[in-house]
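Colleague: sequence and predicted structure below; questions after.
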Amino acid sequence: RQRVLSGIQPTSDSFHLGNYLGAVRQWVALQDEFEAFYFIPDLHAITVPQEPKQLRQRTLVAAAQLLALGVDPARATIFVQSQVPEHAELTWVLNCITGFGEAGRMTQFKDKSQKQGADNATVGLFDYPVLMAADILLYRAQLVPVGEDQRQHLELTRTLAQRFNTRYKKTFVVPEAHIVTGTAKIYDLQNPTAKMSKSAESDAGLINLLDDPKVSAKRIRSAVTDTEREIRFDREAKPGVSNLLTIESALSGATIAGLEAKYAGQGYGDLKAGVADVLVEFVAPLRERVQRYLDDRAELDKILAAGRDRAREVASGTLADVYERTGFLRA
Ligand code: TYM
């Protein structure tokens, strides 16, 4: 069976709607057809400062959210990155075939290091995409479901896989990004030309899955639209309205054309009410489901321990091949 792999960082108290529609929803959809590996990249999380207690708690909450959203431990391997030391080990080898300039061209690094001030950005932040390549290549995954913002990192991963395969011998599968058109980039409700992100200046444009549904409904009602009246999908001219249509369509299963017909002759207030309704219906049961997983800590630990063991089984096999091909003396 072909493999699918993806990760989501434990860097906030809740996943946001972009994480779900751009990525986690695809994870759930793919776990039947593929052998699935889904993990929480805590090594990536520390590329920017984290409070230790909070990081540990957020890692648990991330695992609980994956379960509550439908990732099934009977079908998918769910694990925490730092518990599988092969990720850091393969990163070192990949570091040594990655160009300094190549890594420096990653736009996410450029953005994040600029935000932090060049002198505060760490070597870890610079190395982030190489660690991500290691995550993927260790499992010889064919498919990597991610949002649009990870496309360049996937390209680098493919380049490094091909480079290693050519320089030594075929070792890695060259993975494909699985970026679903339509929901690959969910936009900030207040600034609908920027992606929805936990690091936006204000939370007003962010829908956190675990926020009080009333707060989320209010944020939808306050979403920025435009000065026209017509409800139609036009990403260029009407980014706010288009984002709302995308969200309702993704959560309800209705097509964009169907929604345009449904709202014909109606106002933006009606659209927002409609989006808020389907959103609240989706998020309302989530908090309780997540809490139930968190309350049964023994079960959660068991799931993550089984995930770690299975992940290590695969990862250690790939790393052994890499070490052998690299020329390391094996015991
Ligand atoms: P992270 O934790 O920032 O985001 C998790 C996933 O959510 C997607 N995403 C979005 N999709 C649509 N619209 C948005 N506004 C939006 N914001 C975020 C992201 O594209 C991502 O798929 N580097 C990764 C984590 C990672 C990883 C990996 C992923 C580490 N190793 C290996 C795949 C394979 C990241 O920071 O995602």
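Modeller: Yes, it's here.
Colleague: distance of residue 291 from the ligand?
Modeller: Distance from residue 291 to the ligand, counting by CB to the nearest ligand atom, to the nearest Å: 22 Å. For glycine as for every other residue, the C-beta is placed from the backbone atoms N, C-alpha and C.
Colleague: for that residue, which non-adjacent residue is spatially closest?
Modeller: residue 64 (7.9 Å; CB to CB, 6 or more residues apart in numbering).
Colleague: export whatever helix or strand that neighbour lives in to CSV, keeping only CA atoms.
Modeller: When secondary structure is defined by DSSP states H and E, residue 64 falls within helix 52-68. In CSV, the C-alpha atoms belonging to helix 52-68 read as follows (Å, rounded to 0.1, in the frame of the first residue of the first chain):
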residue,chain,number,x,y,z
PRO,A,52,8.0,24.0,28.0
LYS,A,53,4.9,23.3,30.0
GLN,A,54,2.7,24.8,27.4
LEU,A,55,4.4,22.9,24.6
ARG,A,56,3.8,19.6,26.3
GLN,A,57,0.2,20.4,26.9
ARG,A,58,-0.4,21.6,23.4
THR,A,59,1.2,18.4,22.1
LEU,A,60,-1.5,16.4,23.9
VAL,A,61,-4.2,18.7,22.8
ALA,A,62,-3.1,18.4,19.2
ALA,A,63,-3.2,14.6,19.5
ALA,A,64,-6.7,14.8,21.0
GLN,A,65,-7.8,17.2,18.3
LEU,A,66,-6.7,14.8,15.6
LEU,A,67,-8.7,12.0,17.2
ALA,A,68,-11.7,14.3,17.6
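Colleague: for burial, what's the neighbour tally of the residue nearest to residue 291?
Modeller: Neighbour count for residue 64, taken as other CB atoms under 10 Å: 22.
Colleague: wait, residue 27 touches residue 72, no?
Modeller: No. With contact defined as CB atoms under 8 Å, residue 27 does not count as touching residue 72 (10.2 Å).
Colleague: those two: which has the busier surroundings?
Modeller: Per other CB under 10 Å, whichever of residue 27 and residue 72 has more neighbours is residue 27, with 27 against 13.
Colleague: so who does the more buried one touch?
Modeller: Residues in contact with residue 27 (CB atoms under 8 Å, 6 or more residues apart in numbering) are 4, 6, 36, 38, 66, 71, 76, 145.
Colleague: how about a cut-off of 7 Å?
Modeller: 6, 38, 71, 145 (CB atoms under 7 Å, 6 or more residues apart in numbering).
Colleague: ok, it to residue 191 distance?
Modeller: Distance of residue 27 to residue 191, given as CB to CB, to the nearest Å: 27 Å.
Colleague: center of the protein - which residue?
Modeller: residue 8 (4.3 Å; CA atoms, centre = their mean).
Colleague: show me what stretch 92-110 is in contact with.
Modeller: Contacts of stretch 92-110 (CB under 7 Å, 6+ apart): 125-130, 133-134, 149, 152-153, 156, 160, 163-164, 167, 322, 326.
Colleague: okay, now the residue in the chain that the ligand sits nearest to: neighbour count?
Modeller: Nearest residue of the chain to the ligand, counting by CB to the nearest ligand atom: residue 22, 2.0 Å away. Residue 22: 26 surrounding residues under other CB under 10 Å.
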